[in-house]
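Q: Got a sequence here, can you build the structure:
(2 chains)
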Amino acid sequence: MIDLKQLRDDPDRFRKAAADKGIAVDIDDVLRFDAALREAQTELQSLVSEKNRIGKEIGALAGRLKKAPDSEKPALQQEMQRLQARPTEIKSREAELNAVVTDLEAKRLDLWLRIPQPADHDVPVGRDADDNIEIRRWNSPWFDTSRTFADNKGFAARSHVEIGKALNLFEFERGVKMAGSRSYVLIGDGMRLHNAVLRCAFDMMTSELGFTALSVPVLVREQVMIGTGFFPAGREQAYEVRETDRGGGYDLYLTGTGEVGLMGYHQDEILDAARLPLRYTTVSTCFRREAGAAGKDTTGLYRIHQFDKVEQVVICKADEAESRQWHQRMIGFVETLLQRLEMPYRLLQCCTGDLGPKNADMVDIETWMPSRGEVDERGLPRGAYGETHSASRLYDYQCRRLNIRYRDPDSGKPVVCHSLNNTVAASPRLLIPILELYQNGDGSVTIPRVLRPYMNGQERIG
RNA sequence: GGAGAGGUGGCUGAGUGGCUUAAAGCGACGGUUUGCUAAACCGUUGUACGGGCUAAUACCUGUACCGGGGGUUCGAAUCCCCCCCUCUCCGCCA
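A: Alright, predicted model coming up:
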């Protein structure tokens, strides 16, 4: 959520920002509702103020009335009636104004929540993912993405789907039987490898990097979804559990990322400035409806409704330099992990059209997936980078919605925090490059060295 | 799931319709005193949203907030209704 005062001061900045992101929101309506609301509030408050003042007189009079001898009571009662006339009159106008204020507040909030965070000045303007700009690449010591898979490994690549089927690491049929399309079952070493990746990433964040591990709810109230910025814009992406239909007071929503729980944790708190920055990590199951993605990435483990993810978030002081520094660090943690896994990746600077409403800046990390991409003249896929991570820098947009602040040591005033988040490892999507890059000509798969401690020392599958 | 007790400021805790529109204590901050520390004494005290005046996030002023939402009333922490949460006991259970 943006700062309304900033909107009043410079509406053009937000008009342009929304246009750059390709998000339709009527800034003029927000300003109109805002102005009308404040006018109504002003009138309402002065009426209530008058009512309260008379109320005090009535209170004092009531006290005198109680102690007064009977002879004086009729006069006092008459005075009481006279005093009560004006508040009664105010009440009807107050009710009218209250209705107006409630209505305008709702209208203003509805639009306010939809005004996107302006992209930072150094984020390239663009329409969609095609306009993202590559920042840099890293190649594995033993796999050069500029050469074909066969040139790298000496045999033709099989897709993770084929590998998984041959080695019985996962299947889709029974997953679909139980839960519908985009559902799957991990089996045996497939499940073990999945856990190994997550554990490896989780241990790095906690033991090595000092992030605090939290296990957080993945079934949360609407307020947390709004606060973290996933609602209202992404409402159709979340599964909802309609508890109100069975008499409960609240509906609940399955979270699409651990970020929701990690950030919602401190909702409505004023944090101790001395304890910032807060660094949290979690491993959680993530649920996504993938509405609007029908027909897209329908094969394999790439786009699925349920997966597990190690996520990292940082909540820091409202300082642009510090925010930017953490963004780079958090990206660096992921690079370290991918380099340990010896898998080629690249960094993409996302353009304005690909940022989403809440980000000032976003860097995607894509890992090389040999089975993706166009098919060459021999009918073999050329391979392509596939998105595995996304590092967001949000300034105070998310923390303002969540109402997470700290007290500035100098002024003593509450200041809205900055927040950042980044994937550490999302699996089974990350199993795609692992299986495909580490496959051998004999059909087996070598287990990446860093994952072997989490596989009981096992070196190969199959 | 059943029964009961609760939810008041940073913390403890009083307050069962106005004469207290949240007492008192603790803590924190500022000051006085002091060779220094401690103590004592005096003072201050939250958040949000408006309005006024502005260079100002300074100052003045208003409204709201006693778990959340609604209601009764001239007036609600207090009375009524719904919901949420916590605790105790019972039941069930990974």
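Q: contact partners of stretch A:5-18?
A: Contact with stretch A:5-18 is made by A:2, A:24-25, A:27-28, A:30-31, A:34, A:115-119, as judged by C-beta atoms under 8 Å, 6 or more residues apart in numbering. Yep, even glycine has a C-beta here, placed from its N, CA and C like the rest.
Q: Stretch A:32-49 now?
A: So stretch A:32-49 is contacted by A:4, A:7-8, A:90, A:93-94, A:97-98, A:100-101, A:104-105, A:107-108, A:111 (C-beta under 8 Å, 6+ apart).
Q: From the residues you listed, list the buried ones, please.
A: Neighbour-count burial (16 or more other C-beta atoms under 10 Å) applied to those gives A:7, A:94, A:97, A:100, A:101, A:104, A:105, A:107, A:108, A:111.
Q: for the last one, helix, strand, or coil?
A: Local secondary structure at residue A:111 is given as helix here, using DSSP: H, G, I helix; E, B strand; the rest coil.
Q: List the contacts of it.
A: Applying C-beta under 8 Å, 6+ apart, the residues near residue A:111 are A:25, A:26, A:29, A:30, A:33.
Q: can you pull the contacts of the second one?
A: Same thing as residue A:26. Residues near residue A:26 by C-beta under 8 Å, 6+ apart: residue A:111.
Q: Need the phi and psi values for it.
A: Main-chain torsions, residue A:26, degrees, to the nearest 10: phi -90, psi 100.
Q: Now do it, the pLDDT please.
A: You'll see residue A:26 listed with a pLDDT of 91.
Q: again with the fourth one
A: Here, the pLDDT recorded for residue A:30 equals 93.
Q: ok, the nearest residue to it once chain neighbours are set aside to residue A:23 distance?
A: Spatial nearest neighbour of residue A:30, excluding adjacent residues (C-beta to C-beta, 6 or more residues apart in numbering): residue A:111 at 4.6 Å. According to C-beta to C-beta, to the nearest Å, residue A:111 and residue A:23 sit 12 Å apart.
Q: Residue A:29 too?
A: Residue A:29 sits at a distance of 14 Å from residue A:23 (criterion: C-beta to C-beta).
Q: Look at these two and report which has more neighbours.
A: Per other C-beta atoms under 10 Å, whichever of residue A:29 and residue A:23 has more neighbours is residue A:23, with 17 against 13.
Q: Check for me that that one belongs to a strand.
A: No: under three-state DSSP, residue A:23 sits outside any strand and is assigned coil.
Q: near RNA strand B, which residues of chain A?
A: For chain A, the residues in contact with RNA strand B (C-beta under 7 Å from any atom of the strand) are A:4, A:34, A:38, A:41-42, A:45-46, A:48-49, A:51-56, A:58-60, A:62-63, A:66-67, A:84, A:87-88, A:91, A:247-250, A:270, A:405, A:407, A:411-414.
Q: Filter these down to the buried ones.
A: Buried among the residues of chain A next to RNA strand B (16+ other C-beta under 10 Å): A:34, A:51, A:87, A:405.
Q: Please identify the helix or strand for the third one.
A: What it means is residue A:87. If you go by DSSP states H and E, residue A:87 is part of helix A:73-112.
Q: pLDDT (mean, whole number) over that helix?
A: 86.
Q: for stretch A:49-57, same thing?
A: In this model, stretch A:49-57 has a mean pLDDT of 87.
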